[in-house]
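Engineer: Need the 3D shape of this:
(4 chains)
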Number of protein chains: 2
Amino acid sequence: MVTMRDVAERANVSIATVSFVINGTKPVAPATRARIEAAIEELDYRRNVVARALASSRTRILALLHPDFEARPNATVIQFVMSAAHGARERGYDLVLWPVNDDEQMSHLLAGGLVDGALLMEVQIHDSRVDRLVASRVPFALIGRTDNDDLPYVDIDFATTIDQAVDHLRAFGHERVALVTQRTKAAPGNEPGRIMRAEAAYLDTMAALGRPPAVITVEGTSAGGREAARTLHEDFPDATAVILLNEGASAGLVKGARALGRAVPGDLSIISASTTRELGEMIEPSLTVMAAPAAQLGRLAADALIDQLEGVQDAPPHLLIPCTLVPGQSVGPAPVRP
Amino acid sequence: MVTMRDVAERANVSIATVSFVINGTKPVAPATRARIEAAIEELDYRRNVVARALASSRTRILALLHPDFEARPNATVIQFVMSAAHGARERGYDLVLWPVNDDEQMSHLLAGGLVDGALLMEVQIHDSRVDRLVASRVPFALIGRTDNDDLPYVDIDFATTIDQAVDHLRAFGHERVALVTQRTKAAPGNEPGRIMRAEAAYLDTMAALGRPPAVITVEGTSAGGREAARTLHEDFPDATAVILLNEGASAGLVKGARALGRAVPGDLSIISASTTRELGEMIEPSLTVMAAPAAQLGRLAADALIDQLEGVQDAPPHLLIPCTLVPGQSVGPAPVRP
DNA sequence: CTGAAAGCGCTTACAG
DNA sequence: CTGAAAGCGCTTACAG
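Structural biologist: The predicted structure follows:
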């Protein structure tokens, strides 16, 4: 292995000077610099990142803390993860994946000193992992928000997303719009923030319009989607449009509605929010979706965290990005009331 | 920060002895051990992984080298990545994500000394990245195979997968089975191994059955799927079943076949191979799929690499896992010839 | 069974 | 602008 010492010897300088040119930390005379650069080139020297990390007490490694995604693969997750890794890499940082099952394990990992900062996914309104994170004194950014808006976060702007979805449906004449959300294992009132915030935004919008809300909560599966179709049909027969906040139930909802004799979009219009274009195309009729800004969020999260680490920044980042409407064939004019 | 020195002082031993009990590298007297363990507990000491890495010249970090997945999110990818990270973590290793665009960048990263080993995804038959990897002298395992079967790899067993798909279709009376693969940017003859091997397995099977093969190559999009439906209809009108090796084209193929007046599975049976159960459920009629063993492969890859690193192992790992048949509603009896 | 000490390959005040 | 040296927090022969 070629070390900094080898380079220094070949260039006839001290290792300190080599360090200065590699890191640009101090001015070095052009001639000296040239000799050093030549030596680096000739020896094909590459600085050892572990030694650097120990000496500088900065590892330039970021952790992505996430629950176990193996069970329910989600296309937006991979986009988020990959763009975060990509954004980090472009700024000279590495991203390690830390599947964390419990808070204890998380604290242990954080205390090991491997990472300079952490990104936490799937944040809930009350989240003990966030408390641990704060206690660990490792800088971080949340993907999603707790009820403490002062912490650094990036998140989907659900209020704007729901508003736009409702506006889109109202432009087609829909007056009664239902919301289908996802059941989770979380305690009531402590669902993932995305569900609670989207629901709150929906209720606000309905209230502003003077319409009674219709919220249906089902599993994130095809069976859940079918259940939603039945509930909609029986309990809210006058709803002519649905906003889904439940990717996994999308296909089931369409199938279920049809099985009940309701054409899509003839009798029922559907928007699937916070999902991918690909999902929309996968279904017949192609779904109108609000595409989640997963790739953007991944990069923003990495950038926000790195800005914090490098002191490029004053206030903790609070970034909200709405989903993007991608029209498909699942939204049509509201049927005329009989 | 609590260091090993703090623990040593409190327990009245040298730091070497602390290291011995933490790592279990040398026998330590029970009483001494107890004092040290108590000190660790009381100080809430956690060994600094960076210092350990520098001193032991083992970082216990693995790299996952992969092309840019942001563009085309694929559900099997996230399963693979997460299970690899999970498997690594369980054995005390961390997994960093390295999106690599070019060989040069890959070599640079590898030379930094951050990782003990690497996993390379999306391996092609002739793959210059593999040459770089070999040259870097960093231990590795491939996800997929090159034409050099001696290198360590884990891969999907396409031969078995295709055989099982054909068997399944033949049990329903299908005699003429087409294969739809995916067009890539790779040079002809150098497509990702999965495509070439699946095609080879298909051709072998057809030859063994004495049937003329029908291979259609299209983009991995809905449009590609529609194109495949047209080509099938026009060029291979007697094919009554299709095996897809093109996840993105699945929905388009179904839509396209219908648009041409061919019912699924009434007139055309479809199996989508090397994809997810979730994809199958997302389509109407639900697709019969051969689910890719992504989670298994992720864990196996991590384990195989770690086994190599820890010398648990003699021969380089060569692991092949077939996909799993998950029946849906897209396969039915072959239509009777007119 | 335990300790003193060298060393891993860098960075960073400090001095000149 | 450059260098000598301490130090980052561990591991690991080596000696006893």
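
Engineer: helices and strands around the lowest-mean-pLDDT helix or strand in chain A, which ones?
Structural biologist: Ranked by mean pLDDT, DSSP states H and E, the weakest helix or strand in chain A is helix A:277-282, scoring a mean of 84. Counting contacts by 3 or more C-beta pairs under 8 Å, 6 or more residues apart in numbering or on different chains; DSSP states H and E, helix A:277-282 packs against strand A:288-291, helix B:250-259, helix B:277-282. The C-beta positions use only the backbone N, C-alpha and C, and glycine is treated the same way.

Engineer: tell me the angle the following helix or strand past the second one makes with helix B:250-259.
Structural biologist: In other words, helix B:250-259. Using DSSP states H and E, the next helix or strand after helix B:250-259 towards the C-terminus is strand B:269-275. Inter-element angle recorded for strand B:269-275 and helix B:250-259: 170 degrees (by axes from the mean of the first three to the mean of the last three C-alpha atoms, to 10 degrees).

Engineer: Can you tell me which helices and strands strand B:269-275 packs against?
Structural biologist: Going by 3+ C-beta pairs under 8 Å, 6+ apart, strand B:269-275 lies up against helix B:75-90, helix B:158-171, helix B:193-209, strand B:241-244, helix B:250-259, strand B:288-291.

Engineer: What strands flank it, and is each parallel or antiparallel?
Structural biologist: Note on strand B:269-275: by DSSP bridges, its sheet partners are strand B:241-244 (parallel), strand B:288-291 (parallel).

Engineer: Enumerate the residues of the stretch 151-300 of chain A near DNA strand C.
Structural biologist: Within the stretch 151-300 of chain A, no position lies close to DNA strand C (C-beta under 7 Å from any atom of the strand).

Engineer: and residue A:320, helix, strand or coil?
Structural biologist: strand (DSSP: H, G, I helix; E, B strand; the rest coil).

Engineer: what's the nearest residue to it if we skip its chain neighbours?
Structural biologist: residue A:157 (3.9 Å; C-beta to C-beta, 6 or more residues apart in numbering or on different chains).

Engineer: From DNA strand C, how far off is that neighbour?
Structural biologist: Distance check for residue A:157 against DNA strand C: by C-beta to the nearest atom of the strand, to the nearest Å, it reads 38 Å.

Engineer: try residue A:67
Structural biologist: On the measure of C-beta to the nearest atom of the strand, residue A:67 and DNA strand C end up 35 Å apart.

Engineer: and that residue, what is it in contact with?
Structural biologist: By C-beta atoms under 8 Å, 6 or more residues apart in numbering or on different chains, residue A:67 lies in contact with A:99-101, A:121-122.

Engineer: Can you pick out the most distant pair from the residues you listed?
Structural biologist: A:101 and A:121 (13.7 Å; C-beta to C-beta).

Engineer: For the closest residue to DNA strand C within the stretch 151-300 of chain A, give me its contacts.
Structural biologist: Among residues of the stretch 151-300 of chain A, the one nearest DNA strand C by C-beta to the nearest atom of the strand turns out to be residue A:152. It sits 23.9 Å away. By C-beta under 8 Å, 6+ apart, the contact set of residue A:152 is A:140-142, A:304-305, A:308, A:316-318.

Engineer: what about 10 Å?
Structural biologist: A:139-142, A:145, A:301, A:304-305, A:307-308, A:313, A:315-319 (C-beta atoms under 10 Å, 6 or more residues apart in numbering or on different chains).

Engineer: Using PyMOL, define a selection of the buried residues within these.
Structural biologist: Buried residues among these (16 or more other C-beta atoms under 10 Å in any protein chain shown), as a PyMOL selection:
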select buried, chain A and resi 139+140+141+142+145+301+304+305+307+308+316+317+319
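
Engineer: Among the contacts of residue A:152, which has the minimum pLDDT value?
Structural biologist: Of all those, residue A:313 carries the smallest pLDDT score, 72.

Engineer: name the element that one belongs to?
Structural biologist: Going by DSSP H and E, residue A:313 is not in any helix or strand.

Engineer: Now do the closest residue to it other than its chain neighbours against residue A:176, distance only.
Structural biologist: Computed as C-beta to C-beta, 6+ apart, the closest residue to residue A:313 that is not its neighbour in sequence is residue A:307, at 4.2 Å. Remark: distance between residue A:307 and residue A:176 (C-beta to C-beta, to the nearest Å) = 45 Å.

Engineer: Same check on residue A:200?
Structural biologist: Counting by C-beta to C-beta, the gap from residue A:200 to residue A:176 is 19 Å.

Engineer: I am finished for the moment; much appreciated.
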